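Engineer: Below are the sequence and a predicted model; questions follow.
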Amino acid sequence: MSLALLCSGQGRQHRAMFDRVADHATPVLAAASATLGSDVRDFVRTASDADLHANRAGQIVCVAGAMAVAEALFPDGAPPATIVVGYSVGEIAAWGIARVWSPADTFAVVDARAVAMDAASGPDDGLGYIRGLPHDDVAALADRFGCAVAIVNPGRLFVCGGTRDAIAALCTAALADGAVNAAPLAVHVASHTPRLAAAVAPLAQKLGSIAMARPTLRLMTATDQSLVSLPAHAAAGLARQVMTTIDWAALLDALAERGVDQVLDLGPGSALAEMASAAMPDARVRAVDQFRTLQGVRDWLVRHDR
């Protein structure tokens, strides 16, 4: 039996995302709040939709959400055989959950990543999704509109980045070409595309300035589906990830090949669980947001171990 923990990227943050962990994971929540400049629990409840989905705040609260849930579920650390992976900024959360960095250093990396991305991205940049077309068709359409494929998901689901006007035109063209769905996303930065090339150097510099420990869990990168044994050697790839395509479909295949038979999406949201369920039909898959309480999650985890 093998467990994988999935850490979400931004876009699915919501008002109740810290309700289950409000009295847990104090170091994580304190570090996130210090970086954000206000209590993350209050922020998600009271911030405007625009502020909640702003790039820097969105990255901080989503990393805080995954790390706080992991800390509350596994106060002494998850079982060492556990694989932890992250989708986009969720990979920063994964490195934190694997205890490569302290909570304070994890959020220092998140902050540096967001600031570098905001500086590199144009003021009108964004992301959109296309479902139902072949990869080559989506790539050709993206190129036609000056966009790029940012993330390859299972089930012919692709995320593309570019200017918001170009993304809107790309989605319209994709629907005309037979896409099942296509629409802009509430993300205002063209993550994982060459538009973020200028963010790589400052992020790499920040990563190089922070002490790193060997991961306590099996930490897998979304860039090339490899396990990280020496984080300092993998840090360059983590920095380049902001401007390169993520193949999440290949990562889920790699989890299945490594014998993962239980998957828990730490959230926020359940999008990663939905993709994992489709891509890994033999695995037991749930999202934390599908449970009413943390005890329900613990009971589900324990039942699998029996």
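Structural biologist: Structure received. Note that this is a predicted model, so its numbers are computed, not measured.

Engineer: Break the chain into its domains for me.
Structural biologist: Taking automatic domain parsing as the domain assignment, the record places the domains of the chain at 3-120+194-305, 125-184.

Engineer: need those domains in a markdown table with mean pLDDT and mean neighbour count, can you?
Structural biologist: For the C-beta atoms, the positions are set from N, CA and C on the backbone; glycine is no exception. What follows is those, written out as a markdown table (pLDDT from 0 to 100; neighbours: other CB atoms under 10 Å):
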| stretch | mean pLDDT | mean neighbour count |
| --- | --- | --- |
| domain 3-120+194-305 | 96 | 20 |
| domain 125-184 | 98 | 19 |
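
Engineer: hey, where'd the strands end up in the stretch 51-200 of the chain?
Structural biologist: In the stretch 51-200 of the chain, the strands defined using DSSP state E, counting those that start in this stretch lie at 83-86, 125-131, 148-153, 157-163, 181-184.

Engineer: Contacts only, for the residue nearest to Gly237 when sequence neighbours are not counted.
Structural biologist: Taking CB to CB, 6 or more residues apart in numbering as the measure, Gly237 lies nearest to Thr223, with 5.0 Å between them; neighbours along the chain are not counted. Under the criterion of CB atoms under 8 Å, 6 or more residues apart in numbering, the contact partners of Thr223 comprise Gly237, Leu238, Arg240, Gln241, Thr244, Ile246.

Engineer: Wait, a strand at Thr223?
Structural biologist: No - assigned with DSSP: H, G, I helix; E, B strand; the rest coil, Thr223 falls outside any strand and is coil.

Engineer: For it, what are phi and psi?
Structural biologist: phi -70, psi -50 (degrees, to the nearest 10).

Engineer: could you measure it against His188, distance?
Structural biologist: 23 Å (CB to CB, to the nearest Å).

Engineer: With Ser102 instead?
Structural biologist: From Ser102 across to His188, the span is 29 Å (CB to CB).

Engineer: try Met280
Structural biologist: 32 Å.

Engineer: again, but for Gly208
Structural biologist: Applying CB to CB, the value for Gly208 to His188 is 28 Å.

Engineer: Leu219 too?
Structural biologist: Summarising the geometry, the distance separating Leu219 from His188, computed by CB to CB, is 29 Å.

Engineer: about what we covered before: closest to Leu301 out of the contacts of Thr223?
Structural biologist: Set against Leu301, the nearest of the contacts of Thr223 by CB to CB is Ile246 (27.0 Å).

Engineer: Show me the beta-bridge partners of that closest one.
Structural biologist: Ile246 has the following beta-bridge partners by DSSP bridges: Ile151.

Engineer: Would you check that it makes contact with Ala150?
Structural biologist: Yes - Ile246 sits in contact with Ala150 when judged by CB atoms under 8 Å, with a separation of 7.1 Å.

Engineer: between these two, what contacts are shared?
Structural biologist: Common contacts of Ile246 and Ala150, defined by CB under 8 Å, 6+ apart, comprise His192.

Engineer: could you say what helices and strands the helix or strand Asp253 falls within packs with?
Structural biologist: Using DSSP states H and E, the element containing Asp253 is helix 248-257. With contacts defined as 3 or more CB pairs under 8 Å, 6 or more residues apart in numbering; DSSP states H and E, helix 248-257 has these neighbours: strand 83-86, strand 148-153, helix 271-279.

Engineer: Would you mind putting these into TSV with distance to Asp23 alongside?
Structural biologist: As requested, the helices and strands packed on helix 248-257 are arranged in TSV below (distance: least, CB to CB, whole Å):
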stretch	distance to Asp23
strand 83-86	24
strand 148-153	34
helix 271-279	25
